[in-house]
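A.B. asks: Sharing a model that was predicted from the sequence below.
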Amino acid sequence: MSLIRIGLLAAVVAALAAAPSDAAMAPLARYRMPASSEIALARSAAPAAISAHATILIFGAHGYRIAAQGSNGFTCLVERAWMQPFTASDFWSVRFRAPVCYNHAAAQSVLRYTIARTTWVLGGARKAALQRRVIAAIAAKRLPAVPAGAMAYMMSKGQYLGPSAKAWYPHVMLFAPRADGVDAGARWGADLSGSPVVFDSAHPTPEPWATFYLPVAHWSDGTLAPRFPAH
């Protein structure tokens, strides 16, 4: 075998190793939960004073549906693994559960990406096709930009974000235009010594916003959470 062919073969192998797996979604039933359990888990995303009056969505065979109509503008749901970055090795995990409670601004923007991804997944889209659809929808402005003030609570002790993160830490998420993330969050003072603001630049997503995390001291049920490590 020539050196050129060996070099090309090595390049192909390296590219395949670097590319995210496009393995298929598991059977739908493995992602579902009893409605009462899912409602309770969704409400656990935020303190009861907020989630008790929020709209609750639950996941089913045709996507998310309203299980309880709220009155305060917040929307709580349990997101599944396909809402992770496309580089995630457990993109189709059946164990992943991310209870999140969006305020009105985020429910009108960020949540629409969850609904879109979920609709395409249930339509049979694999990871690569799903990523292309998200990028195309953003480019065509079929999915919205994030408005000022968009935020979410993610404070559930019952969340499972993967074998390493598990429940991670209770936190509040702030969504800002992507331009606010191009400097790795420096304009927010993220990740500096003593700063409570965390910016994750290691897991990029195509969505047009930067996400800043504010770990908090307590889970949504009021119990003390592990202390977030100092920067």
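C.D. replies: Right, received. Where do you want to start?
A.B. asks: Next SSE downstream of the worst-scoring helix or strand of the chain on mean pLDDT?
C.D. replies: Ranked by mean pLDDT, DSSP states H and E, the weakest helix or strand in the chain is helix 3-18, scoring a mean of 36. The helix or strand immediately downstream of helix 3-18 is helix 35-43, counting by DSSP states H and E.
A.B. asks: Show me what that next one is packed up against.
C.D. replies: Here helix 35-43 touches strand 55-60, strand 63-68, strand 75-79, strand 98-102, going by 3 or more Cβ pairs under 8 Å, 6 or more residues apart in numbering; DSSP states H and E. Placement of C-beta: from N, CA and C, glycine included.
A.B. asks: Make TSV from those strands and add mean pLDDT to it.
C.D. replies: Shown next, in TSV, are these (pLDDT from 0 to 100):
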stretch	mean pLDDT
strand 55-60	98
strand 63-68	98
strand 75-79	99
strand 98-102	98
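A.B. asks: got those strands as TSV, with mean neighbour count and distance to residue 190 columns?
C.D. replies: As requested, those are arranged in TSV below (neighbours: other Cβ atoms under 10 Å; distance: least, Cβ to Cβ, whole Å):
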stretch	mean neighbour count	distance to residue 190
strand 55-60	22	30
strand 63-68	15	31
strand 75-79	27	23
strand 98-102	26	20
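A.B. asks: Indicate which one of the ones you listed is closest to residue 129.
C.D. replies: strand 63-68 (17.2 Å; Cβ to Cβ).
A.B. asks: Run the chain-centre distance for the closest one.
C.D. replies: Here strand 63-68 is found 18 Å from its chain centre; the criterion is Cα atoms, centre = their mean, to the nearest Å.
A.B. asks: What of stretch 26-37?
C.D. replies: 18 Å.
A.B. asks: With stretch 201-210 instead?
C.D. replies: Worked out by Cα atoms, centre = their mean, stretch 201-210 lies 10 Å from the chain centre.
A.B. asks: Show residues contacting it.
C.D. replies: The set of residues external to stretch 201-210 that reach it, using Cβ atoms under 8 Å, 6 or more residues apart in numbering, is 84-88, 110, 113, 131, 134-135, 138, 145-146, 150, 175-182, 184-185, 199.
A.B. asks: for stretch 177-185, the distance to its chain's centre please.
C.D. replies: Chain-centre distance of stretch 177-185: 18 Å, with Cα atoms, centre = their mean.
A.B. asks: tell me which residues in it are buried?
C.D. replies: Across stretch 177-185, burial judged by 16 or more other Cβ atoms under 10 Å covers 178, 180, 181, 185.
A.B. asks: Quick one: end-to-end length of it, please.
C.D. replies: Chord length of stretch 177-185, first to last residue, is 11 Å (Cα to Cα, to the nearest Å).
A.B. asks: bridging residues for residue 78?
C.D. replies: Taking DSSP bridges as the rule, residue 78 bridges to residue 99.
A.B. asks: Can I get stretch 206-213 in CSV, CA atoms only?
C.D. replies: Output in CSV follows, covering the C-alpha atoms of stretch 206-213 (Å, rounded to 0.1, in the frame of the first residue of the first chain):
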residue,chain,number,x,y,z
PRO,A,206,-26.0,25.4,16.7
GLU,A,207,-28.7,27.3,18.5
PRO,A,208,-28.3,31.1,18.3
TRP,A,209,-27.6,31.9,21.9
ALA,A,210,-25.0,31.7,24.6
THR,A,211,-26.0,30.0,27.8
PHE,A,212,-24.7,31.2,31.2
TYR,A,213,-25.1,29.1,34.3
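A.B. asks: Low-confidence stretches in the chain?
C.D. replies: Scanning the chain with the threshold set as pLDDT under 70 gives 1-21, 231.
A.B. asks: With that, I have no additional questions.
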